[in-house]
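Colleague: I would like the atomic coordinates for the input below:
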Amino acid sequence: MPTFDNVLVTGNQTIQGDLHVNGNETIDLSLQVNGSQSIAGHLGVTGEIDGAGTIKVGTRLISLTQATVPASIPSTQQVRFFPVGISNQPGLILKGTDGNDYVLFIDLTGGTPHIGIHLA
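Modeller: Predicted coordinates:
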């Protein structure tokens, strides 16, 4: 197998096998993966991750920035449980202690925002 210190690709490149990067990799524009991609270490994103489908997290999704309370008096809120859900309801899906998946979403039907929750 040939060994190179530097490889410059100015057009498109198709790799039919595996691409192993042992050091750092900088991608200035976009990285498109049409199949599957496993990242065993760390993926740092300074912009956004845009998921047209479903982004799955194995254990936890953590926000590192602390929320700030707005400078206003909060109104009385409640969490509304809907015993019958909607198929493919957009929202944050969390696994309950009973093993079921639940969808959290914002309910504005009464004019005041409430957290809504139902079985996924």
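
Colleague: can you tell me how far the most centrally placed residue in the chain is from I39?
Modeller: A centroid search over the chain (C-alpha atoms, centre = their mean) returns I55, at 4.6 Å, as the residue closest to the centre. The gap separating I55 from I39 is 13 Å, by C-beta to C-beta, to the nearest Å. Where you see a C-beta, it was placed from the backbone N, CA and C, and this is true even at glycine.

Colleague: okay, now the sheet partners of the helix or strand of the chain with the lowest mean pLDDT, with direction.
Modeller: The weakest-scoring helix or strand in the chain, judged by mean pLDDT, DSSP states H and E, is strand 92-95 (a mean of 89). Each strand paired with strand 92-95, and its direction, by DSSP bridges: strand 101-107 (antiparallel).

Colleague: buried residues in the strand it pairs with?
Modeller: Y102, V103, F105 (16 or more other C-beta atoms under 10 Å).

Colleague: save those as JSON lines, and put in distance to D18 and pLDDT too.
Modeller: Putting the buried residues of strand 101-107 into JSON lines (distance: C-beta to C-beta, whole Å; pLDDT from 0 to 100) gives the following:
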{"residue": "Y102", "distance to D18": "38", "pLDDT": "91"}
{"residue": "V103", "distance to D18": "37", "pLDDT": "91"}
{"residue": "F105", "distance to D18": "40", "pLDDT": "92"}
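
Colleague: quick one, phi psi at the residue nearest to the centre of the chain?
Modeller: Main-chain dihedrals, I55, degrees, to the nearest 10: phi -100, psi 120.
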